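Predicted structure and sequence below. I'll ask about it afterward.
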Amino acid sequence: MKIGLCGTMSVGKTTLVNALKELPEFKDYNFATERSKYLRDLGIPLNTDSTLKGQFIFLAERCTELLQENIITDRTVIDVMAFTKAAKSIDYYDAEAFCDAAYKLVGDYDYVFYVSPEGVEMEDNGVRETDLEYRDLIDRIIQLILYRSNHKIKKLVELSGTTEERIAKIKETIFG
C-alpha cells in the first residue's frame, strides 16, 4: 500500500504522518517525512529558488518511497511537480518535460490524500516559504495536477478540518 499526502506548504501533512505513526492500525507501515532542512543544509535551493537539479533530487526521494511496500509519505510526486512549475529559475519547457516524466509515477499511489489549506494558518518552520501568495500558487497548481491526473489516481480523497477529523477520514477511507 502506497499512501501519499499532498498539498501546499504548512497545511499539516507532516503532522498527520507523525500522528498516523502512533496508531496501531499503521504499525506495519513505513513513514517518510520532509527532509527540507537537511537538503537545504546540503546547499539544495528550496521553494521559489528551486533548481531543476534540486527538483530531480526531490523526485528521486519520492521514487525511493514508491519502491517501498506499505509507505505513508507527507510528499508526493504531485508536490514535486507543483514546486517545479512554480520555480522562478526553471525554464517553462524544462518544467513541462520534468512534469511529463514525473506524471508517469502518479498512478503508483494507492491513495492520494489532498490536504486542503482551508482554515490552516501559515507557520514558519525556518525552512519553508512563508509568502501566502506563493502558498496559494502551489495549492492552485496541485489542484490542477490532481484534476488532470484524476484518471491515473486509484483513490483521491480531500482532507480538511482538525488533525483528528483528518485522521478519521484517512482511517475510514483505508479500512472502511
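Okay, I see it. Since the structure is predicted, the reported quantities are computational estimates derived from the model, not experimental observations.

Report the rounded mean pLDDT for the helix or strand hosting Ile78.
In the assignment (DSSP states H and E), Ile78 maps to helix 77-86. The pLDDT scores in helix 77-86 average 96.

which residues sit against it?
4, 6-8, 47-48, 50, 52, 55, 58-59, 62-63, 66, 90, 95, 98-99, 102-103, 105-106, 112, 134, 137-138, 141-142, 145-146, 149 (C-beta atoms under 8 Å, 6 or more residues apart in numbering). Every residue, glycine included, has its C-beta placed from N, CA and C.

cutoff 7 Å now
Contacts to helix 77-86, defined as C-beta atoms under 7 Å, 6 or more residues apart in numbering, come from residues 6, 50, 55, 58-59, 62, 90, 95, 98-99, 102, 105-106, 137-138, 141-142, 145-146.

try stretch 145-162
So stretch 145-162 is contacted by 78, 81-82, 103, 106-107, 109-116, 118, 166, 169, 173 (C-beta under 7 Å, 6+ apart).

Now, the residues you listed that are in helices?
Ile78, Met81, Ala82, Tyr103, Arg166, Lys169, Thr173 (DSSP state H).

what number of residues lie near the first one?
Ile78 is flanked by 27 other residues according to other C-beta atoms under 10 Å.

And it, how far from Asp131?
The gap separating Ile78 from Asp131 is 21 Å, by C-beta to C-beta, to the nearest Å.
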